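>>> quick one, structure for this:
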Amino acid sequence: MLLNEDQIALRDVARRFSREKLKPHYQAREAEKGFDRALMKEIGALGLIGVDLPEEYGGLGQSGVTSGLITEEIAYGDFNISYLQLLGSLMGAIVHRNANPELARYWNSRLVAGDAIIGLGLTEPRGGSDAANLQVKARRDGNHYILSGEKTSISFSDQCDAIVLFARTGKPDAGARGISAFLVPMDAPGIQRTRFNDVGSKIIGRGSVFFDDVRIPAENLMGQEGKGFTEVMQGFDFSRILIALQCVAAAQASIDETWEYMKERQAMGAPIVQYQGVSFPIVEFETLLAACRQLCYHGLALRDAGQPHTAEAAMVKWMGPKTSFDAIHQCILTFGHYGWSKDLPHQQRLRDVMGLEIGDGTAQVMKLIVARERAGRVAVQYAAENKK
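Prediction:
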C-alpha cells in the first residue's frame, strides 16, 4: 500500500505519540475510572480524532485509509484509547450526514477537539444480534420527542456526553422500518446510567442507559423519521474495518514483544528463537495478521473509491478479533509462566481484544453477511422465512 506525504506525516505523528506517550502506561491506565479528559484533548490537538471529518468541524478531511492508519497506530500503544478515533469517525460521520447543520457543528467540533464523546445507542436487552428489534420508543409531543426505554451494552455508557439514540417511532412490529435516530445530550433530565463489571476495556466501560420520559427538541431528530436504522447500518461497514485494525495492532504489539523476548531468552545454550517449535507459531500469526491488515486496507480503499465493501468489512470483523486473540494467546504461551502474569501486557490485550469478538457483530452474523453478499438473499432467506 503506497501512502502519500500527508498520510505518512500523520501516521508518524500517531506512531510517536502512541509508542512514547500511550504504550508505557497502557496497563496502569486500566485502573483508572474512565478516560482522562486532558489526554483526550491532547490527542484532539494533534488532529488524531475523526481525521476523515470535514474541516468545518476542525477535522482534516482525510480518507478512510488514513483513518485506518491512525486507528492502528494508536491501538498499538493502547487498544482502548484508539476508540476515540474509531468513534470519532463512526459517530462523527453519522452526525454529519443526518443532524441539522447547527447541531452537527456543535457536537462534531467538540468531538474532533477531544472535548466530547458521542456514544451509540442501538443495542437493547432483548435485541443483541437482532439489532432491528427495538423497543425503546420516541413519541412526538408538539415541538419535542419523548423517549422511554432501556439501551444496553453501550460503550462509554457513563462517560459519553451525547448519544445517537435509535428508537421506534413506528409500529412495534415494523422491524427496521419505523426506527428513527436522535442526537440526545446525556445531561437531559430523566436519564440514568449504569456500568458493567467487564473483563476488559475497563476505562471505556459498558453499561445500560435508561430513558424515563426524556424530552428532547424535535430538531434533534436526525434525518427523516422512520429511516434511522438504514443510516447506522451504512456506518457499520466503516467501523467494522477500523475495529479489525484495532485488534490487529494490539496483537502486533504482543508479537513484536515476543520476537524480542525469543532473541534474549536462552534454553539449552541457545536463544529460543532458534527452535522452530518456538518460532514457527509466531511466524504463522505474523503472516495471518499481515493478511488481515491488507484486507482491511483493501476494504477502506474500496470505500474511498465509492465501491461496495460490505463483504470485506464483515470478513475482517470476524477474522480480525479472532486471529488477534489467538495470536496474543500464543505470545502468552511463548513467554511461559512469565507470560501468565499481570506484570506483562499480553493478558490485558487478550481481554481487551476478546470483547470485540462479541461487540459490534458476532462472527456468526458476519459470516451470514458474507454469505448473503456472495450468494444473494437465498443464503439467508430460508432462516428468515422460518423465523416468522
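>>> CA atoms only for stretch 244-252, dumped as PDB, please.
Listed in PDB are the C-alpha atoms of stretch 244-252, where the atom choice follows Å, rounded to 0.1, in the frame of the first residue of the first chain:
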ATOM      1  CA  ALA A 244     -10.300  -5.200  13.000                       C
ATOM      2  CA  LEU A 245      -7.300  -2.800  12.700                       C
ATOM      3  CA  GLN A 246      -7.600  -2.100  16.400                       C
ATOM      4  CA  CYS A 247      -7.300  -5.800  17.200                       C
ATOM      5  CA  VAL A 248      -4.500  -6.400  14.700                       C
ATOM      6  CA  ALA A 249      -2.500  -3.600  16.200                       C
ATOM      7  CA  ALA A 250      -2.800  -4.900  19.700                       C
ATOM      8  CA  ALA A 251      -1.800  -8.400  18.600                       C
ATOM      9  CA  GLN A 252       1.100  -6.900  16.600                       C
END
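>>> residue numbering should commence at 624 henceforth.
Right, with 624 as the first residue, what we last looked at is stretch 867-875.
>>> do a quick rundown of the strands in this structure.
Ranges of strands within the chain are 741-744, 760-764, 767-778, 785-791, 802-808, 814-816, 829-840, 844-845, 889-890, 893-894, based on DSSP state E.
>>> will you turn those into TSV that also has distance to Ile866?
C-beta here means a position set from N, CA and C on the backbone, and glycine is covered the same way. Output for those, formatted as TSV (distance: least, C-beta to C-beta, whole Å):
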stretch	distance to Ile866
strand 741-744	13
strand 760-764	28
strand 767-778	11
strand 785-791	17
strand 802-808	21
strand 814-816	23
strand 829-840	15
strand 844-845	23
strand 889-890	37
strand 893-894	35
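>>> export those strands to TSV and append columns for mean neighbour count.
Shown next, in TSV, are the strands of the chain (neighbours: other C-beta atoms under 10 Å):
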stretch	mean neighbour count
strand 741-744	24
strand 760-764	16
strand 767-778	21
strand 785-791	26
strand 802-808	24
strand 814-816	15
strand 829-840	18
strand 844-845	24
strand 889-890	10
strand 893-894	12
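>>> make TSV out of those strands and add mean pLDDT and distance to Leu633.
Output for the strands of the chain, formatted as TSV (pLDDT from 0 to 100; distance: least, C-beta to C-beta, whole Å):
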stretch	mean pLDDT	distance to Leu633
strand 741-744	95	22
strand 760-764	95	39
strand 767-778	96	25
strand 785-791	95	26
strand 802-808	95	28
strand 814-816	98	34
strand 829-840	97	30
strand 844-845	94	29
strand 889-890	93	41
strand 893-894	96	37
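>>> so which of those is nearest Ile864?
Nearest to Ile864 among these is strand 741-744; the distance by C-beta to C-beta comes to 16.2 Å.
>>> what's the closest one packed up against?
helix 706-721, strand 767-778, strand 785-791 (3 or more C-beta pairs under 8 Å, 6 or more residues apart in numbering; DSSP states H and E).
>>> return the set of buried residues in the first one.
Meaning helix 706-721. 706-719, 721 (16 or more other C-beta atoms under 10 Å).
>>> hang on, the earlier thing: out of the helices and strands packed on strand 741-744, which gets nearest to Ala924?
Of all the helices and strands packed on strand 741-744, helix 706-721 comes closest under C-beta to C-beta, at 15.6 Å.
>>> next one, pLDDT for Ser752 please.
We note a pLDDT of 59 for Ser752 in this prediction.
>>> re earlier: quick one, which of the helices and strands packed on strand 741-744 is nearest to Ile905?
Nearest of those (C-beta to C-beta): helix 706-721, 27.3 Å.
>>> could you tell me the angle between the closest one and strand 802-808?
Angle between the axes of helix 706-721 and strand 802-808 is 120 degrees (criterion: axes from the mean of the first three to the mean of the last three C-alpha atoms, to 10 degrees).
>>> who are the packing partners of helix 706-721?
Helices and strands touching helix 706-721, by 3+ C-beta pairs under 8 Å, 6+ apart, are helix 660-668, helix 687-700, helix 724-736, strand 741-744, strand 785-791, strand 802-808, strand 844-845, helix 851-887.
>>> could the ones you listed go into JSON lines alongside distance to Ala937?
Listed next are those as JSON lines, based on distance: least, C-beta to C-beta, whole Å:
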{"stretch": "helix 660-668", "distance to Ala937": "29"}
{"stretch": "helix 687-700", "distance to Ala937": "16"}
{"stretch": "helix 724-736", "distance to Ala937": "26"}
{"stretch": "strand 741-744", "distance to Ala937": "18"}
{"stretch": "strand 785-791", "distance to Ala937": "20"}
{"stretch": "strand 802-808", "distance to Ala937": "21"}
{"stretch": "strand 844-845", "distance to Ala937": "25"}
{"stretch": "helix 851-887", "distance to Ala937": "7"}
